[in-house]
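[1] Pasting the sequence and the predicted model now:
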Amino acid sequence: MNDELPTADLVRRLATGSQLECIAAAKELARRKDRTVLSEVTNVLRRGESGHAREMAAWLLGELSPGTDLTRDALHATIIDPDATERLRGQAIESLGNQVSHLKGGDVYERVADVLIPLLQHPSVEIPYNAVSALGVMRCRRARAELVRLAAQDRRTYRGLETIGQKAQFAIECIDCEPHGR
């Protein structure tokens, strides 16, 4: 995508473009690391015209870390939205973890952990897989025991890539390297 394209046009393409335009716009905004668009991207996540626009907005918020109260609240609202697709919720989960991954603890970090840890028990594959990923990126010490259980027992495959157990084992290694939180 052309560097000359104004940021406002990229946000517009993210919100209303075709799936390919939306993806290209999100990638370009992520490459630019322009955090001035956080509010607009949050609006796309909350009220986007299409599922792919909302998913790419969720992804982009994770790339434009660290998060703000506004972005974390929007991601949290998406995670608990019963009408959101599992794919959108999964992307919001991963991005929420990215938004606090720079923190080593504290109230904001612990509140995000409180949201994500129960999702490890979700019956789907998408939700716990993304929660494992987010908690690993966060190096969440409190999640370790449940991750050990998942590593030993969960053989469900995520999109043909790897099992939840394999992802949990990697998350455990991240936590053991540098544990954060309580």
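    Happy to help now that I have it.

[2] List the buried residues of stretch 51-64.
    Residues of stretch 51-64 classed as buried by neighbour count (16 or more other Cβ atoms under 10 Å): 52-64. In this view, the C-beta of every residue, glycine as well, is placed from N, C-alpha and C.

[3] which outside residues touch it?
    Contacts to stretch 51-64, defined as Cβ atoms under 8 Å, 6 or more residues apart in numbering, come from residues 14-17, 19, 22-23, 25-26, 29-30, 33-35, 37-38, 41-42, 44-45, 48, 67, 71, 74-75, 78, 84-85, 87-88, 91-92, 94-99.

[4] Could you rerun that using 7 Å?
    By Cβ atoms under 7 Å, 6 or more residues apart in numbering, the residues outside stretch 51-64 that reach it are 14-15, 19, 22-23, 26, 29-30, 33, 35, 38, 41-42, 44-45, 48, 71, 75, 78, 85, 87-88, 91-92, 94-95, 98-99.

[5] For the protein, give me the ranges with low pLDDT.
    1-3 (pLDDT under 70).

[6] quick one, helices of it?
    7-16, 19-32, 38-47, 51-63, 69-80, 86-100, 107-116, 126-138, 144-153, 164-177 (DSSP state H).

[7] what's the straight distance from one end of stretch 29-38 to the other?
    End-to-end distance for stretch 29-38, by Cα to Cα, to the nearest Å: 10 Å.

[8] hmm, back to that, show me which of the buried residues of stretch 51-64 is closest to Gly181.
    The closest of the buried residues of stretch 51-64 to Gly181 turns out to be Gly62 (Cβ to Cβ; 18.8 Å).

[9] coming back round to it: what subset of the contacts of stretch 51-64 is buried?
    Among those, the ones that count as buried by 16+ other Cβ under 10 Å are 14-15, 22-23, 26, 29-30, 38, 41-42, 44-45, 48, 71, 75, 78, 87-88, 91-92, 94-95, 98-99.
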